[in-house]
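[1] coords please:
(chains A, B, C and D)
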There are 2 protein chains.
Amino acid sequence: MHEDGGVPLRPRERIISTARDLFRKHGIRGVGVDTIAEAAGTNKMTLYRHFGSKDDLIIACLRDVASEVDEIWIRFDREYADDPLGELGAWVRVGAECVLDDGRGCDLANAAVELAESDHPARHVIEEFKRDQRNRLTKLCRRAGIAKADLLADTLTLLLEGARVSRQSAGIEGPSARFIAIGEAVIAAFAGEGQARKHSRLSRSTSRQGEGAAIVSPRGGARRVTVEHAR
Amino acid sequence: MHEDGGVPLRPRERIISTARDLFRKHGIRGVGVDTIAEAAGTNKMTLYRHFGSKDDLIIACLRDVASEVDEIWIRFDREYADDPLGELGAWVRVGAECVLDDGRGCDLANAAVELAESDHPARHVIEEFKRDQRNRLTKLCRRAGIAKADLLADTLTLLLEGARVSRQSAGIEGPSARFIAIGEAVIAAFAGEGQARKHSRLSRSTSRQGEGAAIVSPRGGARRVTVEHAR
DNA sequence: CGATAATGTTACAGACCGGTCACACCCTGT
DNA sequence: ACAGGGTGTGACCGGTCTGTAACATTATCG
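    I've put the predicted structure just below:
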């Protein structure tokens, strides 16, 4: 710790990194500034010289998380520039990694749970982040030629958000374990429905889903499904 | 407050009820026992005579929530005894009500986020509750003749859990607003897939989904959808 | 009524919290 | 060598937290 590739980090970076770690492990309200400063190899005074208050530090941490997620998006948009359906699959897989990871969900969502006060300054960061994620995912779905792009984006968002929170309360063997299979099945269903289907390269998916996907036939290949509408 | 149908509640019940309310509003760590006692019209000493510690009170509150949910299940299982698909639809609608409500998600899930310590005594209650919910929903799906009952149950679980947590971070206009439409579409897709389909009475649904559902045709009636499997 | 249990009141302990002050230190650039 | 900015140290403030002690008061019920 306290350095990044041999280059020793300055107090500010160390504090943010340490705070993110401790907030994640023990919850924002479960760790004090003194503990953070000490764990970061510095002291409370220096912490308060960089961040005027604990709330400021919280906000800085959340922004830090958000910017890391943004970088992933930028990298993905470049790597899958001409394969939006492949990018959608990658989104599911990286989401699944987040679900596993250390089992402590999304830092931003957790912060929203913990900082219940509706006027807490950190809520701006959280809401802006979630709005941004939604827009990005919707645009990706649109680029992938999905007819109901916004509906697929919201479905995937709910599934991932649910997987990450369920992982915390229902354990690693709980419903969140099926996230990949469910996510890929939903994408396939939406991609198959519209008349669009420009690039149907989802087959590039490296998914090892031993688990049969919902609507999708477990034996592979195309298949027809009859659905009755409820009204 | 402090009474239930004219019958004045005893301190113990008042404390639990008040604590549930305040925990929900401000988070478990965001409210102290003194505040709870006073808001319940009693004092800290009486609180500690009924609950040996704050953790004990937390556990009692979570059990109280869990037992209320159980009662809903029991009522539903009776009301929809011969219409499991209808019960599934009702499950979605009551879930949507929970999403709206006050926008503070599931108390049990929130507690899991806030009480990060893996050995916290309340975690037993949370995990048992979530396991129970999963089993109940899976059994209901099976009774409804769904082929992949457990997969539908987990999908719906993730969607609801996601909707409730997303509501807190992305607001009421966020992805959670589509929960009903998505949930009903998923149920329809799963119900349509299997060869079973004993009672296809989902049409009883009172859904006013102005929003077109994913796989389901917006114009109603039966419709065919071709799905390609990804592998 | 009288005994007993449940509840209310006040004060306090001990720990921890976020945040500040004054001052010493050290490193860097000139 | 010097100056100045970033940093470390320890003490401290006022507040809040969980939890307890001792005692007064009120309900309950035979």
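
[2] just the helices in chain A please.
    If DSSP state H is used as the criterion, the helices of chain A fall at A:11-26, A:33-39, A:44-50, A:54-79, A:84-100, A:107-114, A:122-143, A:149-170, A:179-193.

[3] mind showing which ranges of chain A have poor pLDDT?
    Under the criterion pLDDT under 70, the flagged ranges of chain A are A:1-8, A:194-231.

[4] what parts of it come near DNA strand C?
    A:31-35, A:44-45, A:48, A:52-55 (C-beta under 7 Å from any atom of the strand). In short, each C-beta sits where N, CA and C put it, glycine included.

[5] point out the most buried one among the helices of chain A.
    By mean neighbour count, with neighbours taken as mean count of other C-beta atoms under 10 Å in any protein chain shown, helix A:149-170 ranks first of the helices of chain A at a mean of 26.

[6] and that helix, is it in reach of chain B?
    Yes. For helix A:149-170, a contact with chain B is found by C-beta under 8 Å from any C-beta of the partner chain, at A:151-155, A:157-166, A:168-170.

[7] what's that helix packed up against?
    In terms of contacts (3 or more C-beta pairs under 8 Å, 6 or more residues apart in numbering or on different chains; DSSP states H and E), helix A:149-170 is packed against helix A:84-100, helix A:107-114, helix A:122-143, helix A:179-193, helix B:107-114, helix B:122-143, helix B:149-170, helix B:179-193.

[8] ok, now with 7 Å
    Judged by 3 or more C-beta pairs under 7 Å, 6 or more residues apart in numbering or on different chains; DSSP states H and E, the packing partners of helix A:149-170 are helix A:84-100, helix A:122-143, helix A:179-193, helix B:107-114, helix B:122-143, helix B:149-170, helix B:179-193.

[9] anything in the third one near chain B?
    The reference is to helix A:179-193. Yes. Counting by C-beta under 7 Å from any C-beta of the partner chain, chain B is contacted by helix A:179-193 at A:179, A:182, A:184, A:188-190, A:192-193.

[10] is DNA strand D contacted by stretch A:17-37?
    No. Stretch A:17-37 does not reach DNA strand D (C-beta under 7 Å from any atom of the strand); its nearest approach is 8.2 Å.

[11] end to end on that stretch, go ahead and measure it.
    By C-alpha to C-alpha, to the nearest Å, the extent of stretch A:17-37 from end to end equals 11 Å.

[12] quick check on the residue of chain A found nearest DNA strand C: phi, psi?
    Closest contact between chain A and DNA strand C, by C-beta to the nearest atom of the strand, is at residue A:32 (2.8 Å). Residue A:32 adopts backbone torsions of phi -100, psi 160, taken as degrees, to the nearest 10.

[13] residue A:10 now?
    Torsion angles, degrees, to the nearest 10, at residue A:10: phi -80, psi 160.

[14] gap between it and residue A:22?
    Per C-beta to C-beta, to the nearest Å, residue A:10 is found 19 Å from residue A:22.

[15] just residue A:141 next, same as before
    In terms of C-beta to C-beta, residue A:141 sits 36 Å off from residue A:22.

[16] next: residue A:99.
    Residue A:99 sits 22 Å away from residue A:22, taking C-beta to C-beta as the criterion.

[17] now the most centrally placed residue in chain A, nearest residue through space, not along the chain?
    Centre of chain A computed as the mean C-alpha position; nearest residue by C-alpha atoms, centre = their mean is residue A:95, 5.6 Å away. Spatial nearest neighbour of residue A:95, chain neighbours left out: residue A:160 (4.6 Å); criterion: C-beta to C-beta, 6 or more residues apart in numbering or on different chains.

[18] same deal with residue A:180?
    Per C-beta to C-beta, 6+ apart, closest to residue A:180 is residue A:96, 4.8 Å.

[19] the one you found touches residue A:181, doesn't it?
    No. Residue A:96 lies out of contact with residue A:181 (C-beta atoms under 7 Å); the separation is 9.7 Å.

[20] what about stretch A:89-99, distance to the chain center?
    When distances are taken as C-alpha atoms, centre = their mean, to the nearest Å, stretch A:89-99 is centred 8 Å away from the chain's centroid.

[21] export only the CA atoms of it, formatted as CSV.
    Once non-C-alpha atoms are left out, stretch A:89-99 reads as follows in CSV (Å, rounded to 0.1, in the frame of the first residue of the first chain):
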residue,chain,number,x,y,z
GLY,A,89,-21.8,-9.2,-23.3
ALA,A,90,-18.6,-7.8,-21.8
TRP,A,91,-20.8,-5.5,-19.7
VAL,A,92,-22.5,-8.5,-18.2
ARG,A,93,-19.3,-10.3,-17.5
VAL,A,94,-17.6,-7.4,-15.9
GLY,A,95,-20.8,-6.9,-13.9
ALA,A,96,-20.6,-10.5,-12.7
GLU,A,97,-17.0,-9.9,-11.6
CYS,A,98,-18.2,-7.0,-9.5
VAL,A,99,-20.9,-9.2,-8.0
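
[22] name the surrounding residues that touch that stretch.
    A:72, A:76, A:80, A:160, A:163-164, A:167, A:176, A:179-180, A:183-184, A:202, A:205 (C-beta atoms under 7 Å, 6 or more residues apart in numbering or on different chains).

[23] out of the residues you listed, who's nearest residue B:63?
    Ranked by distance to residue B:63 (C-beta to C-beta), those are led by residue A:167 at 22.6 Å.

[24] do you know how far the closest one is from residue A:91?
    18 Å.

[25] surely residue A:114 meets residue A:28?
    Yes. Taking contacts as C-beta under 7 Å, residue A:114 lies within contact range of residue A:28: 5.1 Å.

[26] tell me which parts of chain A are close to DNA strand D?
    So chain A meets DNA strand D at A:10-12, A:41-46, A:49-50 (C-beta under 7 Å from any atom of the strand).

[27] just flag the most distant two among those residues.
    Those two in those that are separated most widely, counting by C-beta to C-beta, are A:10 and A:44, at 16.9 Å.

[28] can I get stretch A:73-86 as PDB, trimmed to CA atoms?
    Provided in PDB are the C-alpha atoms of stretch A:73-86 (Å, rounded to 0.1, in the frame of the first residue of the first chain):
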ATOM      1  CA  TRP A  73     -16.500   2.400 -20.200                       C
ATOM      2  CA  ILE A  74     -14.000   4.400 -22.300                       C
ATOM      3  CA  ARG A  75     -11.800   1.300 -22.700                       C
ATOM      4  CA  PHE A  76     -14.800  -0.900 -23.600                       C
ATOM      5  CA  ASP A  77     -16.200   1.700 -26.100                       C
ATOM      6  CA  ARG A  78     -12.800   1.600 -27.800                       C
ATOM      7  CA  GLU A  79     -12.200  -2.200 -27.700                       C
ATOM      8  CA  TYR A  80     -15.700  -3.000 -29.000                       C
ATOM      9  CA  ALA A  81     -16.000   0.000 -31.200                       C
ATOM     10  CA  ASP A  82     -17.600  -2.000 -34.000                       C
ATOM     11  CA  ASP A  83     -19.200  -4.700 -31.900                       C
ATOM     12  CA  PRO A  84     -21.800  -3.300 -29.600                       C
ATOM     13  CA  LEU A  85     -23.400  -6.600 -29.000                       C
ATOM     14  CA  GLY A  86     -20.100  -7.900 -27.900                       C
END
